[in-house]
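**Student:** sharing a model that was predicted from the sequence below.
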Amino acid sequence: MAFSGALTLTDLNDFITPSQSCIKPVEQTNATPKHQSEGLASTEIRVDSDGAYYEVAMDGLKTKSGPQQQKLQAADISLNDCLACSGCITSAESVLISMQSHTEVLNFLASNPEDICVSHKVPVLSIAPQSLASLAASISSSSTSTPLPLHRILRRVEVFCKKVLGFEHVFDTTFARHLALQEHIREFRERRSGQGRLPMLASACPGWVCYAEKTHGEMLPFISRTKSPQQVMGTLVKEWMATKWHKSPSQIYHVTVMPCYDKKLEASRQDFYNDVYSTRDVDCVITTGELELMMREKDWDLSVPVEGEIADEIAGEANVAEPPLPTDSIHLPELISHPGTSSGSYLHTLIRSVVQDHPHALDLSVRNIRSSDYEEYTLTDRSSGEVVFRGAKCYGFRNLQNLVRKVGKEAGIQVGRGAAGRIGAMRGRAIKTKKGDTSAAGSTDKTYDYVEVMACPGGCVNGGGQLRPVAKAADKATDAEGFKRDWESSGVKIDEEDIGRIQGQSGKWGDKEWTKRVEVVYWHELPTPPPSPTPEGDSGSEKILSHLVDAKTQMADKLSTRILAETCQLNGDEKAVSWIDDMDQSAEGRRQKLFRTQYRAVESEVIGLAVKW
Amino acid sequence: MSRRESRMEVDLPGKIELIADLPGHEDKAWHVAWNPARPLLASCSADKTVRLYHYNTISTSDTSDSSSSLKFELNTSIATGHTKTVRGIAWSPSGQTLATASFDANIGIWQQEEDEDGEAENNVNGGGEWECVSLLEGHETECKSVAYSSTGTLLASCSRDKTVWIWEVHPDADFECMGVLMEHSQDVKCVAWHPTEEILASASYDDTIKLYQDDPSDDWFCATTLTGHTSTVWSIAWEPKEGGYLASSSDDRTIRIWRRLPGKGDISFECAAVIEGHERSVYSISWAPAPEKEAVKDAGGKNLGWLASTGGDGTVLIWQINEVPGEPDKSPKIEQTLLARLDAAHGVHDLNAIAWCPRAGMDGIFATAGDDGHTKVWKLILS
């Protein structure tokens, strides 16, 4: 089986580990052949030298004809199985992701016919800004040196993908994110006006979406239906660009580079499959680690500048001043910065939108709950003191648990699988009796309007598919605080996996310093420092408002409106003023199809078989 | 001469006397827990119930008399509503709250409905009904064990899903998840909190014990891993007074005593003793402090109390654990003396749990739970 190298290197350390109750092992697909002797009492399983499994009849062993043996089929687990199963939560990368690996990309490119052939597919690659930041951090020698700007990394990735691999187009996904953010604002306004439930929970993190579908179906009505940037990019490439290029969606092969393994799962969702053309909006997702592996395999040194990367930079700036809008060529604004968080700035974009829409001045206050992975943002009307908006960013599996409990409690719904119906009922009663004492204190606490939920601690810069820090070999003799330790004598076994990881060039996933470093690189190119609002709350909202709306963003706005009109086939007479404006009914229907998605709960059952006490 | 015979000939200083045999569970009894504040003993079972037994408080100071007058009677049987086996139970230090760990992947939190006057605990036999005030969901599969920290502010649980969860206990039966620790590579069998500090230990099917600490500026983390057992670690128990030692029992039929090495805030352990004696898996251990009068006996060393163990061989063994000075510049040594032995404690059945009563005046009293569905209460009598 073809695990990609990067996968085997990292899968054991991904965030949510696979569980033992996968549906596949208990599924019996191969029917017992009828011609076998009747009354066959027992069989045993044998493994031959090639690793194939055989079921051998015990009776057969005694007969002269030799043992009857039947080769057993290996279980084949596809990503779709994983999506339909509550067995494990997210780590489908630990099963066979043969359809979504860097070898799959290389195989496709090798077998792609010449572009004069009808069956030729246009290879397109889109890379996430967090992946660029991870790559940039990996080639800056130390934490003190100035990191390379992301657009130079993008140029180098582009040259590698085009010249070495043979991609025809390379984009970054920030423009797609720009569209996703605008659609997000629109959806939030809809929900605030009563169409849908609040709090609205971010949907860009596929780990969170998958977890909610499998274990917290009651959270699904709260999860934003806006497509993630990856899937918006898929729509852009396969719908809008395809039309521009006079190609059908199936004549394009779209690869994305993501900081996250679960993006592979997202791309595999049925909702993002085009039945008419039998193609996915994103054909293959590879992680940052897999891209880096491809570079290493092709002896490509990312630290070496490519021709014209600085000239491009200057030209790029010039382009911003005079945005070219040719009718049939594709030029997306690159690396649009969305100030706020390095996980997409969903919360901050909504805060800015609320501030803009509100007739009076608003004060923003931020409350840190234990760590920077859980922060509450409150907008208060300066004159009336009324709380206008309350949101939070909530990263990491632990914080996610508390969020689910909080949202469930506030919405008055039972969370979780509700394994014990009676317990649920009893609990309800108990809470009711307690409510009388506490409701007075609780009522002043406004519930959340929006939460930016991400499954990884630290958010997307710390995604499971990102590069690991380069660890020093000496580290294994010292403990976490750098003290020398004699591990063996104190009865401590050094995890062999850890040694493997340390001795290889990769350090541990989730390294705080490293994540911080990637975060810094991510924001490095911003014209102004990212507005991390001060906890005091003074002038926080002005700070956000005063953020320079640069020319690039204006250009992105202009282009996005044009794309909306074109993809939603808005009548030539009508003109969409901006992304969030209402269009006619049929165009709105197409918007729903192109830029929104849906979720479904997976029935869960803890399998009682094979329980070990 | 077989091992068994040789052991039978040894004159042990103590004997174990049956105080009460409490049948009632319709299926295996998995765990027992003494309420630390009230005269209540809880047991849980595969029949999805928790049974609470009340016992009369001892009024006389003469312990030999009192034990014979110790009477247990059923207080209530809680039909938990868990859809599967209740595998573990734990009382909060206040004795007000009971936590249940079930194979249905949930942790139940139980409190007694308050009476009109709000004084539930004074009314031992009556009192309100026990009701589930909170349900902690999150584990994917069977929960195996649950434990309250010494201050009662933290609750830990573990599961076959290989994770250990730490919850902060808030007022009004509210809980906040403080950590999800995915350190073990297999089923986690048992969790146990340090008697005074916020240090958590967990034992697993991966043959290891892991110790966790809170990083105040960050999350809970695994501070160290103890390896040595050659099979599943079923049960762990801290030395109850200072927590300078941790005992672990295993499928490899041994009990190991681990010494915490001195060092400020540092957590590191060494194996101080490997105790053999059981013929099958050692499913459960419990460590009681030495009674006041016993503690001062040995001037040469330190009496660390009594360790009780039981398991698949149906035998209860009780050890006296002493810390004796080692050679100069060396760590002190652990010496164990077998005080008492009881074979076939639940007939032919396996014993799943053993627990010393932590309440004052109850020295030497312990309870066991077995596959026969019985809960039994015993007393160690030293001659």
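**Tutor:** That came through fine.
**Student:** low-confidence regions, the stretch 151-300 of chain B specifically.
**Tutor:** In the prediction, the stretch 151-300 of chain B carries residues with pLDDT under 70 at positions B:264-265, B:293-300.
**Student:** for the stretch 351-500 of chain A, what spans make up the helices?
**Tutor:** In the stretch 351-500 of chain A, helices defined by DSSP state H, counting those that start in this stretch lie at A:397-410, A:421-442, A:496-503, listed in chain order.
**Student:** what does the stretch 151-300 of chain A give?
**Tutor:** Counting by DSSP H, counting those that start in this stretch, residue ranges of the helices within the stretch 151-300 of chain A are A:174-192, A:206-215, A:229-235, A:242-245, A:262-267, A:288-297.
**Student:** CA atoms of the shortest one as CSV?
**Tutor:** The one in question is helix A:242-245. Output for helix A:242-245, consisting of C-alpha atoms alone and laid out as CSV, is shown next (Å, rounded to 0.1, in the frame of the first residue of the first chain):
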residue,chain,number,x,y,z
ALA,A,242,-12.9,26.6,-16.4
THR,A,243,-15.3,28.8,-18.3
LYS,A,244,-12.6,31.4,-18.9
TRP,A,245,-10.4,28.7,-20.2
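**Student:** give the other helices and strands that that helix contacts.
**Tutor:** Based on contacts counted as 3 or more Cβ pairs under 8 Å, 6 or more residues apart in numbering or on different chains; DSSP states H and E, there is no element that helix A:242-245 packs against. Every C-beta, even on glycine, is put in place using the N, C-alpha and C of the backbone.
**Student:** next SSE after the helix or strand where residue A:107 lies?
**Tutor:** Residue A:107 belongs to helix A:102-111 when assigned by DSSP states H and E. Next helix or strand after helix A:102-111 toward the C-terminus (DSSP H and E): strand A:122-127.
**Student:** closest one to residue B:322 among the helices of the stretch 151-300 of chain A?
**Tutor:** Distances from residue B:322 to each of the helices of the stretch 151-300 of chain A were compared by Cβ to Cβ, and the smallest falls on helix A:206-215, at 49.0 Å.
**Student:** got the angle for that closest one vs helix A:397-410?
**Tutor:** 50 degrees (axes from the mean of the first three to the mean of the last three Cα atoms, to 10 degrees).
**Student:** contact partners for residue A:595?
**Tutor:** When the contact criterion is Cβ atoms under 8 Å, 6 or more residues apart in numbering or on different chains, the partners of residue A:595 are A:179-180, A:183, A:226-227, A:232, A:235.
**Student:** how about it, phi and psi?
**Tutor:** When read as degrees, to the nearest 10, the backbone of residue A:595 gives phi -120, psi 0.
**Student:** can you check residue A:556 too?
**Tutor:** Given degrees, to the nearest 10, the pair of backbone angles that residue A:556 has is phi -60, psi -40.
**Student:** mind listing what it touches?
**Tutor:** A:175, A:178, A:333, A:336.
**Student:** and which of those residues is nearest to residue B:51?
**Tutor:** Minimum separation from residue B:51 among those (Cβ to Cβ) is found for residue A:178, which lies at 62.3 Å.
**Student:** the closest one against residue A:563, yeah?
**Tutor:** No. At 10.3 Å, residue A:178 and residue A:563 do not qualify as touching, with contact defined as Cβ atoms under 8 Å.
**Student:** any common contacting residues for those two?
**Tutor:** When Cβ under 8 Å, 6+ apart defines a contact, no residue borders residue A:178 and residue A:563 alike.
**Student:** who has more neighbours out of the two?
**Tutor:** For residue A:178 versus residue A:563, neighbours defined as other Cβ atoms under 10 Å in any protein chain shown are more numerous around residue A:178 (24 against 21).
**Student:** which elements pack onto the strand or helix carrying residue B:32?
**Tutor:** Under the criterion of DSSP H and E, residue B:32 resides in strand B:29-34. Using 3+ Cβ pairs under 8 Å, 6+ apart, the elements in contact with strand B:29-34 are strand B:40-45, strand B:86-91, strand B:351-356, strand B:365-370.
**Student:** residue A:211: which of the ones you listed is closest?
**Tutor:** Nearest to residue A:211 among these is strand B:86-91; the distance by Cβ to Cβ comes to 24.9 Å.
**Student:** could you check the angle the closest one makes with strand B:351-356?
**Tutor:** For strand B:86-91 against strand B:351-356, the angle by the same axes, to 10 degrees is 0 degrees.
**Student:** quick check: angle from strand B:86-91 to strand B:40-45?
**Tutor:** With the same axes, to 10 degrees as the criterion, the two stretches strand B:86-91 and strand B:40-45 enclose an angle of 160 degrees.
**Student:** buried residues, the very next helix or strand once past strand B:86-91. List them.
**Tutor:** Helices and strands here follow DSSP H and E; after strand B:86-91, the next one along the chain is strand B:97-102. The neighbour-count check on strand B:97-102 (16 or more other Cβ atoms under 10 Å in any protein chain shown) flags B:97-102 as buried.
**Student:** show me what residue B:131 bridges to in the sheet.
**Tutor:** On the basis of DSSP bridges, residue B:131 takes part in beta bridges with residue B:111.
**Student:** ok, it - how many residues close by?
**Tutor:** 20.
**Student:** and residue B:343, by the same measure?
**Tutor:** With neighbours defined by other Cβ under 10 Å, the count for residue B:343 comes to 12.
**Student:** for it, list the residues it contacts.
**Tutor:** Residue B:343 is in contact with B:314-315, counting by Cβ under 8 Å, 6+ apart.
**Student:** distance check, it against residue A:180.
**Tutor:** In this structure, residue B:343 lies at 70 Å from residue A:180, with Cβ to Cβ, to the nearest Å as the measure.
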